[in-house]
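Q: mind folding the following:
(one chain, ligands or ions: 1)
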Amino acid sequence: MIKIFKLKNIISIKDFERLDIDYILEEASKLENIAQSKEVSEELKGKILGLMFFEPSTRTKLSFETSMKRLSGQCIGFENTGSSSVSKGESIADTAKMFEGYSDALVIRHELEGVSKFISDIVDIPVINAGDGSSQHPTQTLLDLYTIKKELGSIDNLKIALIGDLKFGRTVHSLANALGLYENVELYFVAPNELKMPQEVLHDLDEMNMSYTEVSKIEEVIDKVNVLYVTRIQKERFADIEDYLQIKGAYKINKKMLEGKDLIVMHPLPRIDEIDGDVDNTKYNKYFTQAANAVPVRMAILKTLIKNNPK
Ligand code: CP
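A: Residues are numbered from 1 along each chain as shown. From the prediction side, this is the model:
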């Protein structure tokens, strides 16, 4: 039996123990029918979720909205500073205090590392980090783990390759940290020199006695792994566009490369050109399922945090 979930805020996956992750994944599994609209839930009727998105988002924002609505709750918020009083110079702290007065929980995405932690220290409602710069994207990791477990039966004992922009990619930082909690997982980091996994993440993995190997070519790992987790090279994080143009398109997966392999392909999306469209209609494609799994997982997160922390 899984213990009570103890976290009030979801800021970093590093705050989770394995049992906390198990709790959310099990709750998500119970909510699948409601996520797919086969049943109705009134678990969060009368509750309001605040959405503060300072960076663009399709999946995270829409799946949080869908999740809240599937539980009979409602959402308020903005998706760019131009439509809020931040554009008049209001501070992020004052803006967050307004959301505290109007809503039962707050989801925030911001280009700066640490913003959601800062806000969680000044408001009493639960705060969920929906991505802070290149640092962390913990709810993406929970849906990634949910997808791996659902598709492959277990997360323990897997060989997983994280590919692409490992320097700036917050999804791969969170996922690598989380995989350190599982038994006998072997990680392969596939990136050009310029985009290697940061030392801080490698240090965390060393502390957890996690096995990892750094390589530069997909061909070095494609016959070994159960999961290819592909990421976009993040143009918006480069200070010099010339540096981006030099490595743009460095990694591309296509159907021919995958033929005969026993693996799944995941991607947090959006993709640019790193997975060819000819993979979409193959058994390897789990990236659209992964995006859809955001709903039961984020439903589990919202239900747990809002019910555990009533105003
Ligand atoms: N995976 C993800 O965070 O996608 P969005 O940027 O569209 O929210």
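Q: secondary structure element for Glu214?
A: Counting by DSSP states H and E, the secondary-structure element that holds Glu214 is strand 211-215.
Q: can I have that strand written out in PDB, keeping just the CAs?
A: These are the backbone C-alpha positions of strand 211-215, laid out as PDB (Å, rounded to 0.1, in the frame of the first residue of the first chain):
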ATOM      1  CA  SER A 211      25.100   4.000 -14.200                       C
ATOM      2  CA  TYR A 212      25.400   6.400 -17.200                       C
ATOM      3  CA  THR A 213      27.500   6.600 -20.400                       C
ATOM      4  CA  GLU A 214      28.100   9.700 -22.500                       C
ATOM      5  CA  VAL A 215      28.300   9.200 -26.300                       C
END
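Q: what's that strand packed up against?
A: In terms of contacts (3 or more Cβ pairs under 8 Å, 6 or more residues apart in numbering; DSSP states H and E), strand 211-215 is packed against strand 186-190. Where C-beta positions appear, they are placed from N, C-alpha and C, glycine not excepted.
Q: quick one: the lowest-mean-pLDDT helix or strand in the chain to chain centroid distance?
A: Comparing helices and strands within the chain by mean pLDDT, DSSP states H and E singles out helix 241-247 as the least confident, with a mean of 82. Centroid displacement of helix 241-247 relative to its chain, using Cα atoms, centre = their mean, to the nearest Å, is 26 Å.
Q: check which residues of it are buried.
A: Within helix 241-247, the residues that qualify as buried are Tyr244, Ile247, counting by 16 or more other Cβ atoms under 10 Å.
Q: going forward, count from 297.
A: Sure thing, new numbering starts at 297, so read that last one as helix 537-543.
Q: by contact count, what packs against that helix?
A: Packed next to helix 537-543, using 3+ Cβ pairs under 8 Å, 6+ apart, is no helix or strand.
Q: continuing past that helix, what's the next helix or strand?
A: Proceeding N to C from helix 537-543, the next assigned helix or strand is helix 551-554, under DSSP H and E.
Q: how far does the helix or strand just after that following helix sit from its chain's centre?
A: On the C-terminal side of helix 551-554, the nearest following helix or strand under DSSP H and E is strand 560-562. Relative to its parent chain, strand 560-562 has a centroid offset of 15 Å by Cα atoms, centre = their mean.
Q: what helices and strands are in contact with strand 560-562?
A: The elements that strand 560-562 packs onto, with contact taken as 3+ Cβ pairs under 8 Å, 6+ apart, are helix 434-448, strand 523-526, helix 583-588.
Q: and those: which comes nearest the ligand?
A: Distance to the ligand, taken as Cβ to the nearest ligand atom, is lowest for helix 434-448 among the helices and strands packed on strand 560-562, at 5.3 Å.
Q: export that closest one as PDB, just CAs?
A: Provided in PDB are the C-alpha atoms of helix 434-448 (Å, rounded to 0.1, in the frame of the first residue of the first chain):
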ATOM      1  CA  PRO A 434       8.800  17.700 -12.800                       C
ATOM      2  CA  THR A 435       5.200  17.100 -14.000                       C
ATOM      3  CA  GLN A 436       6.600  16.200 -17.500                       C
ATOM      4  CA  THR A 437       8.800  13.600 -15.800                       C
ATOM      5  CA  LEU A 438       5.800  12.100 -14.000                       C
ATOM      6  CA  LEU A 439       4.000  11.600 -17.200                       C
ATOM      7  CA  ASP A 440       7.100  10.300 -18.900                       C
ATOM      8  CA  LEU A 441       7.500   7.700 -16.100                       C
ATOM      9  CA  TYR A 442       3.800   6.800 -16.400                       C
ATOM     10  CA  THR A 443       4.200   6.200 -20.100                       C
ATOM     11  CA  ILE A 444       7.300   4.100 -19.700                       C
ATOM     12  CA  LYS A 445       5.700   2.000 -17.000                       C
ATOM     13  CA  LYS A 446       2.500   1.600 -19.000                       C
ATOM     14  CA  GLU A 447       4.300   0.700 -22.300                       C
ATOM     15  CA  LEU A 448       7.100  -1.500 -20.900                       C
END
